[in-house]
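*Asks:* Generate a structure from the sequence data that follows.
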Amino acid sequence: MKILILDAHSNAALAIVQSLGRAGYELYLAGASSDVISWHSKYPRQHFIYPDPLMDKDLFKNWMLDIQTQIQFDKIIPVTDNTIYPLMELTADTILVNSFILPDKKSFEWAFNKEKSLELASRLKIPVPESARIKSSSWAPQDFKKFPYFVKPVHSKAWREGTGKILEPKIVKTKDELMTCVEEFLDFGHVLIQERVPGKGVGIEVLCRHGEIVQSFAHQRIHEYPLTGGGSSYRMSIPLPPHLMEAAQKLLKEIHWHGVAMVEFKTHQDNFWLMEINGRFWGSLPLAIFAGVDFPKSLIELIFQDKLPLQTNYRKKVYARHLKVDIQWFKANLRADKKNPYLLTRGVFISLLELLRIFTGKECWDHASFKDPKPILKEISKIFTTEWAAFTSKLKMKAVLKDAKKDSFKAINKQSPRRILILCYGNICRSPFVERYLQKLFQNRLIQVKSSGFYNIPARPSPTAFIHIAKEAGIDLSDHRSSVIDHRLANWADIIVIMDGKNWNLLIEFDKKLPAKTVWLGAFLDKKDIEIDDPYSKNESQMREIIADLIEASQSLAKQIG
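*Replies:* Numbering: from 1, shown residues only. Have a look, this model is predicted:
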């Protein structure tokens, strides 16, 4: 029996590989990149690299058709939304369609569309956070006063002209942040503005047979990254809460769900709220397997043999840690303001003590296995390499910033610039403002100014709040649309003006020769810190401070060039 597992980059994919590998299945693994730890597992007989669905979903679907025609896998398991969304577009007469382990189209829409999931829950009298649905740009920001809110696109992925975008929920604390965030997400569909409910995240993981739960497991999140709320990097198995199980069963029976799913809740004291339905394998899957519930093996047996799994009395209060992500959580938690009510922080001393749990036999690290040791060893090696690179990068950046003023003046004096390129990350706030401000200063002179950015989706407008504040300063950005830097534009420029260290690193990555003609705009401010913050998602007061810096620096830069 030949099984192909997609999304090799994902945490769940490697858990599936190790589960089915131990069970003796003939496995194959595919992903958009080979630079992933699952590539080092001993179980896959062959690896394949496919076109990234987020870059070109049609090319990916054509690749799937070709590989299935050549090898004829018995089953193909898409693991994440990256591949599930494009493959759900396949029609019933496609040769591939019966090979995939996917939900039917009706069930899919109820589980993968947050708007429909909440609608379903409300109809079934299951509590949900108070939510407003935004369907067009004609909405009233002034109606929202109980900050903070979570802003969520109804789908986690969206494609435009074949190119995909990951749409992650964001927490907003001001009206300006809310307007900017909603405006960004509306380009990709409906948006939910949802109250922030208190409590802990609890997942009810299940395997269903035509709407009936035949295997179940529950976990509670201990560490969430990012700290504002996200996936779990450290979790604990808990007894099945009867009221959450009842709610999950109602939902999944109503949509006739067949396969695996995780129903996510927030719980606080005696209250609970449905957050979403994840109709696929989940990132914390290694915990369920460690506790004794082997969902991948049970799913395959259900599909091929219609064999119902035994509901095991799994181990409670055992833990699993996603090591790479949890290190990021530790660093963020260490720096975080523990009094900030919007952050899910934890005591540093308690978190350090928890590290000793690995020696008790009640904790595992995701994918650590004596039978398949290479993936975890590779992950540990990559962690050390990444952290060391980050440390050395900080040292290098300190040296760059130390000489940035001197080097910026040197570049201008050397080039006598007549063609100026202004860069920032997204080309929707800082760089277009400076571009148009300098064009006003240089009018009637033979100096050309253009702007661009590094973010790879072009034609994006500036945020509404920033347009409003820029207009107060005499700059109209209402018709601006972003562009992406290319070599033609970089070679055109006599000097390239950047805003911060992130721009510097991206510029070096783009072309190592360009720093020689790079100028830091903040070098022309009477300040020690020469990096100019990105105003994106900042409040109006912060935006005004940044625009004041942009104006002052632009005036000084123009004077130096003049």
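*Asks:* Show me what the longest strand anywhere in the chain is packed against.
*Replies:* Looking across the chain with DSSP state E, the single longest strand is strand 212-225. Other elements packing on strand 212-225 under the criterion 3 or more CB pairs under 8 Å, 6 or more residues apart in numbering; DSSP states H and E are strand 200-209, strand 231-237, helix 242-254, helix 285-291, helix 295-305, helix 323-335. (C-beta placed from N, C-alpha, C; glycine too.)
*Asks:* Can you point out the buried residues in the third one?
*Replies:* It refers to helix 242-254. For helix 242-254, the neighbour count (16 or more other CB atoms under 10 Å) marks 244-245, 247-252 as buried.
*Asks:* from the chain's centre, how far out does the next helix or strand along the chain from that helix sit?
*Replies:* Next helix or strand after helix 242-254 toward the C-terminus (DSSP states H and E): strand 259-268. Computed by CA atoms, centre = their mean, to the nearest Å, the chain-centroid distance of strand 259-268 equals 19 Å.
*Asks:* buried stuff in the helix or strand that strand 259-268 is followed by?
*Replies:* Following strand 259-268 in sequence order, the next helix or strand is strand 271-278 (DSSP H and E). Within strand 271-278, the residues scored as buried using 16+ other CB under 10 Å are 272-278.
*Asks:* Strand 271-278 packs against which elements?
*Replies:* Identification of packing neighbours for strand 271-278 by 3+ CB pairs under 8 Å, 6+ apart yields helix 105-112, helix 114-123, helix 242-254, strand 259-268.
*Asks:* got a list of contacts for the second one?
*Replies:* The set of residues external to helix 114-123 that reach it, using CB atoms under 8 Å, 6 or more residues apart in numbering, is 109-111, 127-128, 131, 133, 152-155, 190, 192, 247, 251, 254-255, 274, 276-277.
*Asks:* swap the cut-off to 7 Å and go again
*Replies:* 109-111, 128, 131, 133, 152, 154, 190, 192, 251, 254, 274, 276-277 (CB atoms under 7 Å, 6 or more residues apart in numbering).
*Asks:* re the thing from before, quick one: the longest strand of the chain to helix 242-254, angle?
*Replies:* Angle of strand 212-225 versus helix 242-254, following axes from the mean of the first three to the mean of the last three CA atoms, to 10 degrees, is 120 degrees.
*Asks:* Given strand 212-225, what are its sheet partners and their directions?
*Replies:* Strand pairing for strand 212-225, using DSSP bridges, gives strand 200-209 (antiparallel), strand 231-237 (antiparallel).
*Asks:* pLDDT wise, what is the nearest residue to residue 376 once chain neighbours are set aside at?
*Replies:* Of all residues not flanking residue 376 in the chain, residue 368 sits nearest, at 4.4 Å (CB to CB, 6 or more residues apart in numbering). Per-residue confidence at residue 368 stands at 96 (pLDDT).
*Asks:* Residue 368: how many residues sit nearby?
*Replies:* 21 (other CB atoms under 10 Å).
*Asks:* how close does it sit to residue 290?
*Replies:* Counting by CB to CB, to the nearest Å, the separation of residue 368 from residue 290 is 9 Å.
*Asks:* Just give me how far stretch 418-438 sits from the chain centre.
*Replies:* Worked out by CA atoms, centre = their mean, stretch 418-438 lies 27 Å from the chain centre.
*Asks:* Also stretch 540-556?
*Replies:* Distance of stretch 540-556 from the chain centroid (CA atoms, centre = their mean) equals 30 Å.
*Asks:* can you check stretch 438-448 too?
*Replies:* Centroid separation for stretch 438-448 versus its chain: 40 Å, with CA atoms, centre = their mean.
*Asks:* Point to the residue nearest the middle of this structure.
*Replies:* For the chain, residue 168 is the residue whose C-alpha lies nearest the centre (CA atoms, centre = their mean; 5.5 Å).
*Asks:* With adjacent residues omitted, what lies nearest to that residue?
*Replies:* Nearest non-adjacent residue to residue 168, counting by CB to CB, 6+ apart: residue 156, 7.5 Å away.
*Asks:* Quick check: the one you found touching residue 167?
*Replies:* Yes - using CB atoms under 7 Å, residue 156 makes contact with residue 167 at a distance of 5.8 Å.
*Asks:* Output the contacting helices and strands for the helix or strand that contains residue 60.
*Replies:* Assigned by DSSP H and E, residue 60 belongs to helix 57-71. Where contact means 3 or more CB pairs under 7 Å, 6 or more residues apart in numbering; DSSP states H and E, helix 57-71 is packed against helix 81-87.
*Asks:* And the average pLDDT for the helix it packs on is what?
*Replies:* 95.
*Asks:* how about the buried residues of strand 271-278 in a markdown table, adding pLDDT?
*Replies:* As requested, the buried residues of strand 271-278 are exported to a markdown table (pLDDT from 0 to 100):
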| residue | pLDDT |
| --- | --- |
| 272 | 97 |
| 273 | 98 |
| 274 | 98 |
| 275 | 96 |
| 276 | 96 |
| 277 | 97 |
| 278 | 96 |
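*Asks:* Could you export those residues as JSON lines, including distance to residue 388?
*Replies:* Compiled in JSON lines, the buried residues of strand 271-278 are given as follows (distance: CB to CB, whole Å):
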{"residue": "272", "distance to residue 388": "43"}
{"residue": "273", "distance to residue 388": "42"}
{"residue": "274", "distance to residue 388": "43"}
{"residue": "275", "distance to residue 388": "37"}
{"residue": "276", "distance to residue 388": "37"}
{"residue": "277", "distance to residue 388": "40"}
{"residue": "278", "distance to residue 388": "35"}
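*Asks:* Pick out the most distant pair among those residues.
*Replies:* Largest separation among the buried residues of strand 271-278 by CB to CB: 272 and 278, giving 16.8 Å.
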